[in-house]
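In: what would the 3D arrangement of this be:
(2 chains)
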2 protein chains.
Amino acid sequence: MSKEITSREQDYSQWYNDLILKGSLADYSAVRGCMVIKPYGFALWENMRDVLDRMFKETGHQNAYFPLFIPKSLFEAEEKNAEGFAKECAVVTHYRLKTDPDNKGKLIVDPEARLEEELVVRPTSEAIIWNTYKSWIQSYRDLPILVNQWANVVRWEMRTRLFLRTAEFLWQEGHTAHATKEEAVEETVKMLDVYADFVENWMAVPVIKGVKTPNERFAGAEDTYCIEAMMQDGKALQAGTSHFLGQNFAKAFDVKFSDRNNKLEYVWATSWGVSTRLIGALVMAHSDDDGLILPPRIAPIQVVIVPIYKGEDQKAKIDEHVQQLVAELKALGITVKYDDNDNTRPGWKFAEYEMKGVPVRIALGLRDLENNVAEVARRDTKEKNTVSLDGLSAYIKQLLEDIQQNIFNKAKQFRDERITPANSWDEFINLLDTKGGFISAHWDGTGETEEKIKELTKATIRCIPLNNVQEEGSCILTGKPSTQRVLFARAY
Amino acid sequence: MSKEITSREQDYSQWYNDLILKGSLADYSAVRGCMVIKPYGFALWENMRDVLDRMFKETGHQNAYFPLFIPKSLFEAEEKNAEGFAKECAVVTHYRLKTDPDNKGKLIVDPEARLEEELVVRPTSEAIIWNTYKSWIQSYRDLPILVNQWANVVRWEMRTRLFLRTAEFLWQEGHTAHATKEEAVEETVKMLDVYADFVENWMAVPVIKGVKTPNERFAGAEDTYCIEAMMQDGKALQAGTSHFLGQNFAKAFDVKFSDRNNKLEYVWATSWGVSTRLIGALVMAHSDDDGLILPPRIAPIQVVIVPIYKGEDQKAKIDEHVQQLVAELKALGITVKYDDNDNTRPGWKFAEYEMKGVPVRIALGLRDLENNVAEVARRDTKEKNTVSLDGLSAYIKQLLEDIQQNIFNKAKQFRDERITPANSWDEFINLLDTKGGFISAHWDGTGETEEKIKELTKATIRCIPLNNVQEEGSCILTGKPSTQRVLFARAY
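Out: Numbering: from 1, shown residues only, chains lettered A, B, ... in the order given. As a prediction, this is how the structure comes out:
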């Protein structure tokens, strides 16, 4: 397989696909719109999942598991949610195949095994979960319920992209139940903060926290909070959402509790989720024309060691030194791979780990050993340094932290340079077509104007930033009065 | 909710359901045959999963993720596998619902959104995985592939039981590809050993390792290895299987590799899996009429501390001591819960944690503090001891190990007493109807006889134990010659 990849300038979209495929993160599959997550990609997802899972548990949440299928009658109970997802859901109608009588060896759907009620493959689990919460909640003593689920979900998207938009994807979905509106809103914001913390401090991707406009809300939510990230082509990417669901699902599924005064009240709800889409964001935020650049804190392999030798004698001497180095690095909690595979040459290995975004590469030859040094190359800046073997592991540990910080700073500078105010329609259009990025502009607050702008430019309101400055202005399209700027962008 | 449970003697089956529901492991759901795994049950599964995952990685395996759906044409490619699973598979036929024109607010399947090819919800993933391996494998250098997947699968069982047999369940499925038959067989046996190690040393359930007869093989396998456990009602339970798949899937999906001599050969395969069914085995192997008994090594809560007090002053003094104890226990890697919930009384809490199978309960009152002691109760034997607060955490650590060992020994003694030889049909029938358990008997080696015995007695051949003693004898049913005994039992 050729490891050559298309450059960003040449074809950004192809560059992205090349990275995913040649970086061994994922593969296309035989199922329309579904992908195979390869071991290297899955190890990355495991690292992300483990950090998030710890964060959820530290904020008092527990995991549980709810059915994959949602009976149609439950699915349609919350009307807006149903309307939002009905047009892209996979539906199970039968529970058996049988041999084709006209063609032995082939199977057909058995018409006698039709389900009485169709089952929707979950696109999101509010319906099945709130139907369950009904039997878990009687009194204020049963609240709050702070539950999260790691699961696969299916949304029958027509245009799919590896990681960014796939018919099936992996995610987590938190579903919490509360006695008061205040507590539910607090939870919604708290989990948005957890997401922002994770994406910025682990994935090294800076995000803007905000609230969606009504047009862009999750189907069935009262308010959708989001974190928005900026990709290298100037398009925005929604990296996570946290929804305040009000009492919509409690009403749809009749979930009430008796409060401290013995009065029956509907329960307040939130839901929040991030998915394997984050891997797409990660790839597009940091990588370059030579391959992936992964942040050390979540990289499946943090350090790779490549021996440079001729013959078994030289190799034995290098092995001996590497063994000790590997032990030292592991003791510092660093994930290290010693690639002494004899079938490939050092140059090939260098290109391979560059492609895979391994943050640090150590090359070690016999002359290096004699000089008590190693060559250390960092993936992000491509700098190479000759470093003494004495104290090398401590040096590497610090280097990994520097790389993490550098990747974040670089992405943040890029992003900050792409938040631009626009004060006229011409300026707005011009910015979109040249620089891209987030455009901070006044909007008259109506869904009609938002929709019109989207039709004209493909730009959407990504969010109304939290703690937004209030200022008087006039709508970029209609000229009507406005009290604050919002962030527009073309988006994934 | 009443915490009273049916006794085993009264109704074993109801006792089991009571434990699952009242022990907060799982709940029924609105979806036929599917269950909700509650937070306490899921925490147990997480502990089991994490140990197994570590074992898989230590034996060189990596995780990956393959699509939930299998196109019908792939599903039917390996004929025996297809035949085995076709009669119980969920089939997706449509990708959209639409508003019912006759009944607004209701949804119907959109007949215009019929899939060109039906998708089977995976009952097992050999087909989709081997179709993928085709593009991953060209040369012997690409082998072995040692991949595992944690996933949900669906088998449309007609009679379901919480954990033991559900339409959807969680499991892991290993799928490996090898250059030689020997290596594949070695892998099959190695993973069986991993399962036996896990089930015995972590779940404290003794197992018998063996091979299935052709009748009981996995659909598409050349050989199915299994571990069989014994439940308290004398019925056996298959706790895990490891399949040598020969070249069946390589042939069905045309997966060849060029060997060292540049000759094209079909690839050899294995697959192996354990599921949430293990939780059913765990519950039925150890628990008693007062609730669950969980082995310390996988219990979600290993130690619960219950304060006994009147008034805030007393509580404050107890809290102070408990804080230090909790810190000490945590430092020893022990999972501890301090239940100082004011809404429930100590007696209620005692019953609750007994029901939930928490291995050790510490009760602490003011008089205990004055005497520098605590009351320590173990769940397995129900012994209570007054133990000095000095060195209490070390005592608890040792106690947890003792409990783990005791639970295993007890289950092993029970199981060993239920492996009985039978040398005549009358003896066989009599044993089945009185003592149950494994019956070691001669069998003529034919599928017909095996099937006949199953029809007559509902007993199946659980396995031919590995390293079975060879001895001459005659078949329990037909009297025909036999060279070894096999293990029969009624089974879950």
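In: identify the residues contacting the residue most central in space within chain A.
Out: The geometric centre of chain A, computed from its C-alpha atoms, lies nearest to residue A:278 (Cα atoms, centre = their mean), at 1.6 Å. Contact analysis of residue A:278 by Cβ atoms under 8 Å, 6 or more residues apart in numbering or on different chains lists A:48, A:199, A:203, A:239, A:240. All C-beta atoms are positioned from the backbone trio N, CA, C, and that covers glycine.
In: swap in residue A:454?
Out: Counting by Cβ under 8 Å, 6+ apart, residue A:454 touches residue A:460.
In: now do the one 5 residues further on
Out: Under the criterion of Cβ under 8 Å, 6+ apart, the contact list for residue A:459 reads A:432, A:439, A:453, A:488, A:489, A:490.
In: mind showing which ranges of the stretch 351-492 of chain A have poor pLDDT?
Out: Residue ranges of the stretch 351-492 of chain A with pLDDT under 70: none are present.
In: where do the strands sit along it?
Out: When assigned using DSSP state E, counting those that start in this stretch, the strands of the stretch 351-492 of chain A occupy the ranges A:360-365, A:373-378, A:384-388, A:419-421, A:438-442, A:460-465, A:470-474, A:481-489.
In: with the stretch 51-200 of chain A instead?
Out: A:62-63, A:69-71, A:91-94, A:97-99, A:107-109, A:114-121, A:145-154, A:168-178.
In: just those strands: most buried one?
Out: Ranked by mean neighbour count, these are led by strand A:69-71 with a mean of 27 (mean count of other Cβ atoms under 10 Å in any protein chain shown).
In: pairing partners for it, with directions?
Out: For strand A:69-71, the pairing partners within the sheet under DSSP bridges are strand A:114-121 (antiparallel).
In: pull up the distance across stretch A:119-137, start to finish.
Out: Criterion Cα to Cα, to the nearest Å; first-to-last residue distance in stretch A:119-137 is 25 Å.
In: cool, and stretch A:198-217?
Out: With Cα to Cα as the measure, the first residue of stretch A:198-217 is 23 Å from its last.
In: could I get the average pLDDT for that stretch?
Out: Stretch A:198-217 shows a mean pLDDT of 98.
In: do stretch A:164-172 as well
Out: Averaging pLDDT along stretch A:164-172 gives 97.
In: which residues sit against that stretch?
Out: In this structure, residues lying in contact with stretch A:164-172 by Cβ under 8 Å, 6+ apart are A:31-35, A:37, A:45, A:49, A:52-53, A:56, A:90, A:148-157, A:159-160, A:237, A:273-277, A:280, A:492, B:65, B:67-69.
In: swap in 7 Å and give it another go.
Out: Surrounding stretch A:164-172, the residues in contact under the criterion Cβ atoms under 7 Å, 6 or more residues apart in numbering or on different chains are A:32-35, A:45, A:52, A:148-157, A:159-160, A:273-277, A:280, A:492, B:65, B:67-68.
In: centre of the chain versus that stretch, how much separation?
Out: Distance, stretch centre to chain centre, for stretch A:164-172: 9 Å (Cα atoms, centre = their mean, to the nearest Å).
In: for chain A, what's the longest helix?
Out: Scanning chain A for the longest helix, with DSSP state H as the assignment, gives helix A:392-416.
In: list the helices and strands it packs on?
Out: helix A:277-286, helix A:311-331, strand A:360-365, strand A:373-378 (3 or more Cβ pairs under 7 Å, 6 or more residues apart in numbering or on different chains; DSSP states H and E).
In: for the ones you listed, which one ends up most surrounded?
Out: The highest mean neighbour count among the helices and strands packed on helix A:392-416, using mean count of other Cβ under 10 Å, belongs to helix A:277-286: a mean of 25.
In: any idea of the mean pLDDT for it?
Out: If you average the per-residue pLDDT over helix A:277-286, you get 98.
In: can you give me the angle it makes with helix A:392-416?
Out: Direction vectors for helix A:277-286 and helix A:392-416, defined by axes from the mean of the first three to the mean of the last three Cα atoms, to 10 degrees, enclose an angle of 90 degrees.
In: what segments of the stretch 1-150 of chain A are helices?
Out: When secondary structure is read from DSSP state H, counting those that start in this stretch, the stretch 1-150 of chain A shows helices at A:12-22, A:39-58, A:72-75, A:79-86, A:126-136.
In: leaving out chain neighbours, which residue sits closest to residue A:86?
Out: residue B:97 (4.1 Å; Cβ to Cβ, 6 or more residues apart in numbering or on different chains).
In: residue A:63 and chain B, how far apart?
Out: Residue A:63 sits 5 Å away from chain B when distances are taken as Cβ to the nearest Cβ, to the nearest Å.
In: residue A:356 and residue A:20 touch, don't they?
Out: No - Residue A:356 is not in contact with residue A:20 according to Cβ atoms under 7 Å; the separation is 11.6 Å.
In: in the longest helix of chain A, what counts as buried?
Out: If you call a residue buried by 16 or more other Cβ atoms under 10 Å in any protein chain shown, then helix A:392-416 has these buried ones: A:392-393, A:395-397, A:399-400, A:403-404, A:407-408, A:410-412, A:414-415.
In: those residues of the stretch 251-400 of chain A touching chain B, which are they?
Out: Applying Cβ under 7 Å from any Cβ of the partner chain, one finds that the stretch 251-400 of chain A approaches chain B through residue A:343.
In: one more time with 10 Å, if that's ok
Out: Contact residues of the stretch 251-400 of chain A with respect to chain B, defined by Cβ under 10 Å from any Cβ of the partner chain, are listed as A:276, A:300, A:341, A:343, A:344.
In: if you rank the residues you listed by neighbours, which is first?
Out: Neighbour counts for those peak at residue A:276, which has 26 neighbours (criterion: other Cβ atoms under 10 Å in any protein chain shown).
In: and the gap between the nearest residue to residue A:445 once chain neighbours are set aside and residue B:340?
Out: In space, and not counting its chain neighbours, residue A:445 is closest to residue A:482: 6.7 Å by Cβ to Cβ, 6+ apart. Computed with Cβ to Cβ, to the nearest Å, the distance linking residue A:482 and residue B:340 is 53 Å.
In: the closest residue to residue A:32 other than its chain neighbours: neighbour count?
Out: The shortest distance from residue A:32 to any residue that is not its chain neighbour, by Cβ to Cβ, 6+ apart, is 6.7 Å, and that residue is residue A:167. The local packing count at residue A:167 equals 25, with neighbours defined by other Cβ under 10 Å.
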